[in-house]
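*Asks:* The following block contains a protein sequence and its predicted model.
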Amino acid sequence: MKKSTRLGLVLAALLLIPAYFTPIWTITLKAPQYPDGLGMHIWMNDITGHERHDIRNINILNHYVGMKEIDPELVGTLDIMPWVVGGLMALAVVAALAGKLWLAWVWIVLFVVAGAAGMVDFYMWGYDYGHDLNPRAAIKVPDMSYQPPLIGRKTLLNITASSWPYWGTLWIGLSLAVGAAVTARNTFFDRK
Amino acid sequence: MAHKTTIWKITSLLLGLGLLAMIMYGCPSQTGMLDTGDAAQRVYVAPGEYDEYYAFFSGGYSGQLSVWGLPSARMFRNIPVFSQDPESGYGYSEETKPLLMTSYGFIPWDDSHHPDFSHTDGMPDGRWIFINANNTPRVARIDLTTFETVETLELPNTGGNHASTFVTENTEYILGATRFSIPYEMDKDVPIDSYKENFDGSLSFIAVDPESGEMSMDFQIIMPPYHYDLGRAGKGPSADWAFFTTYNTEQAHTLLEINASEFDKDYVVAVNWRKAQEYVREGRARTVPANYYHNLKGKNTGIAVSNVHDEVLLLDPEDAPGMIYFLPTPKSPHGVDIDPTGEYIVAGGKLATVIPVHSFSRMLEAIDNEAFEEVINGIPVLEYEATIIGEVENPGLGPLHTEFDGDGNAYTSVYISSEIVKWSLETFEVTDRIDAYYSIGHLMITGGDTPNPDRKYMVGLTKTARDRFLPTGPKQLHPAQLYDISGDRMELLLDFPTIGEPHYAQAIRADKIRDNVKQIYDLDENQHPHAVKRPRDARVVRDGDVVRVYMTNIRSHFTPDNIEGIRVGDTVYFHLTNIEQDWDMVHGFAIKGANSGEVLIAPGETKTIVWHPQRTGIFPFYCTAFCSALHQEMQGYVRVSPVGSDVSLSWRTGDE
């Protein structure tokens, strides 16, 4: 493994650090009464409001259609994700130290699998959140579910929900891009 | 035929003249329309846009303070101060009742005249606004982060606090004074016709804590038994001085309209408050008996608490030389207004034919030269010629109040001739005049009482609407007019009805307040002893005949909403905590048969209403504020059983 590849993998590991300090996803809900929107930031280990009381206020609005409360404590993925990302960082460093390209490829595959699993989990969470409604809810609209979009914008009754990656995803993407680029270069172009 | 020809000729001539006039001056009706159209644009604030200024209009006999936007003249809020407000529960809730306590007991009404902002370096700083109560003398402080009355202070030994609340350059003091002289000695019982022997005037200096804003009665000055009408703090060179007008130096006690209008001159009182403060700190003031209330809302409890004081410091001008002077001023002067430079002291010579203008620097010279006419109760009377610098001729009839634009112009409201006159501080000559609709009292220029006015808008606060709006019976709302004063001529932009009876008003640039306004009360900081912050802590507690209901409000239910075990004769306190933390998400509470107003509870706040059930039965209660889609469902029931009933105390919400 070339020295630049090792450095690239270490850089890829380092690029994951800022992802701990910024949300990775953001969901904004706009309604006539909330022109500036209510919103959630999804962090690796937490869900917070855009403003201090947004989660509380989203839960109050959601209870009318029978949605469950959003409680970060009950979202298991948030407990695992920091360790998964930490593992990916460690593996990138190990691959760099060991100088083994196959380890780098393992890193890439695990990274992609973890990312895909994360998105699937996020979708499932949103699906459950939007479909598992209290049958005694005050407002029941036939055939209506309230799953927020995975990515993009969707109108749910009076609320327009937008869901977009946030800075954390950029860092994660950059990490994968750098790690994959140096590994691929070393594998396919610089083989000696 | 000849006759017809003449008519035709005259008609043609008139038409011709009319056409000529139109060519020369434009169509009169069209010009009018253009003026109106232009004015409409200048006051138009598009939907969703904000006004440039907050304006605060006193409520007069409503005892309140209304909040407006300029230039749109839209009313945003009516803040209850000295009067109970069934709309919000102010003065009905247990938390706010103490704000209306006085040494005469609970007083649900007063007459609020003159708001003034807290100042930093002479400019309004947007922290608090103060306002006076004229009838049972008090001052109040309104917090401009919440627009709520947070403090009231009674003025002891005072008859009518009218010359108030004028605030000094850095909010060291709020001024107060006795409008109707009375015996200074507390509760003194004397014949009214012993006025000259037994009656006194007094001036009050109310200190303001620079951090908390808390007010305290620092000291009073005993004065001759004149009527002290209006006041102003000085500015710049005169910042250490306060000025008051007097009338009834005749010392009449009956038929004042004749008996107090005899003398050609009364006085402007000039008080060096800085020197007075030094004398008080030196111990020259006497401690005298008094009885007055100080009521302060707890910062985090939201509960107002009353403290009763039984003495006050009183300074006698006889013991305090060089502190206070009389400036003879024609005639029964009303307003006393200080120009932006602090040099000119303009009196509204209510019954005078001129507007007298004193010079502050000449006043200081006259004091140095001891140009005294006489000395009354230790107060030197300066020679008129020694202090006067100008008399504005032809000001109209009944000049009252003056404000300034910072470009050397003064604007005086003139009551009887119902107009505003603009005059020059250089030439003391009238340069413009414009009608007021009708009978103007105070006027207010944006920043017009500060060292740095904004020469933009002027509001005229008029006393009668008569034919200005669609009629509403023998009693109509008091109007106000908005003028543009940015040009050479004053221009009328808008004529609008107000609420209450605005006397004076204040305006402040919106950005001084807007970003500091609270959207919610922080539930985490709520330290009300009866607050419940989670529905699971809601409960009902009996202690003898006293029942306390600890209830939460959130869209769209109360917890608890079914209560049984209340008995006739109980005293039931509903402690309502709005556990919302969303802006403007207000809940209300009312129960059938309660002898009070509703209460409105802001997000994060706890409010208490007391209820005395007098009959058995089922009593519905409900949320009075249209809070949500299921507001109509936000209700509950209380079961009231007879005295001695064995129905046990129970409560629930939902299926619990």
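*Replies:* Ah, there it is.
*Asks:* Can you give me the buried ones in stretch B:287-296?
*Replies:* Neighbour-count burial for stretch B:287-296, counted by 16 or more other C-beta atoms under 10 Å in any protein chain shown, picks out B:V288, B:A290, B:N291, B:Y292, B:Y293, B:H294, B:N295, B:L296. Quick note: C-beta positions are derived from backbone N, CA and C, even for glycine.
*Asks:* Sorry, wrong one. I was asking about stretch B:95-108.
*Replies:* B:E95, B:T96, B:K97, B:P98, B:L99, B:L100, B:M101, B:T102, B:S103, B:I107.
*Asks:* swap in stretch A:48-58?
*Replies:* A:G49, A:H50, A:E51, A:H53, A:D54, A:I55, A:R56, A:N57, A:I58.
*Asks:* and which of the residues you listed is nearest B:S417?
*Replies:* Distance ranking of the buried residues of stretch A:48-58 against B:S417, using C-beta to C-beta, places A:E51 first at 55.3 Å.
*Asks:* Quick check: pLDDT value at that closest one.
*Replies:* On pLDDT, A:E51 comes in at 94.
*Asks:* Okay, now the unreliable bits of the chain?
*Replies:* Using chain A. A:191-192 (pLDDT under 70).
*Asks:* That was the other one, I meant chain B.
*Replies:* B:1-37, B:656.
*Asks:* Contact residues of chain A facing chain B?
*Replies:* A:R52, A:H53, A:R56, A:N57, A:I60, A:Y64, A:A138, A:I139 (C-beta under 8 Å from any C-beta of the partner chain).
*Asks:* what's the closest of those residues to chain B?
*Replies:* A:H53 (3.9 Å; C-beta to the nearest C-beta).
*Asks:* Now for that closest one: which residues touch it?
*Replies:* Counting by C-beta atoms under 8 Å, 6 or more residues apart in numbering or on different chains, A:H53 touches B:I520, B:Q581, B:D582.
*Asks:* Restricted to strands, list the buried residues of stretch B:95-108.
*Replies:* The strands, defined by DSSP state E, take in B:M101, B:T102 from the buried residues of stretch B:95-108.
*Asks:* how about TSV for the buried residues of stretch B:95-108, with distance to chain A added?
*Replies:* Below are the buried residues of stretch B:95-108 laid out as TSV (distance: C-beta to the nearest C-beta, whole Å):
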residue	distance to chain A
B:E95	23
B:T96	26
B:K97	30
B:P98	30
B:L99	29
B:L100	33
B:M101	35
B:T102	39
B:S103	43
B:I107	38
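*Asks:* Which pair of the buried residues of stretch B:95-108 spans the longest distance?
*Replies:* Longest span within the buried residues of stretch B:95-108, C-beta to C-beta: B:E95 and B:S103, 21.2 Å.
*Asks:* Quick check: B:T96 vs B:A371, distance?
*Replies:* To B:A371, B:T96 is 52 Å away according to C-beta to C-beta, to the nearest Å.
*Asks:* again with A:G99
*Replies:* Counting by C-beta to C-beta, the gap from A:G99 to B:A371 is 101 Å.
*Asks:* Same question for B:L443.
*Replies:* In terms of C-beta to C-beta, B:L443 sits 33 Å off from B:A371.
*Asks:* more crowded one of these two?
*Replies:* Under the neighbour definition other C-beta atoms under 10 Å in any protein chain shown, B:L443 and B:A371 were set side by side, and B:L443 has more, 27 against 18.
*Asks:* ok, which stretches of the stretch 501-650 of chain B are strands?
*Replies:* With strands called from DSSP state E, counting those that start in this stretch, the stretch 501-650 of chain B shows them at B:505-509, B:539-543, B:546-554, B:557-559, B:562-567, B:571-578, B:587-591, B:599-601, B:606-611, B:617-622, B:635-641, B:650-652.
*Asks:* Let me see the contact set for B:V45.
*Replies:* B:D51, B:G69, B:P71, B:S72, B:R74.
*Asks:* now for those, which pair is the farthest apart?
*Replies:* The widest separation within these (C-beta to C-beta) is 9.7 Å, between B:P71 and B:R74.
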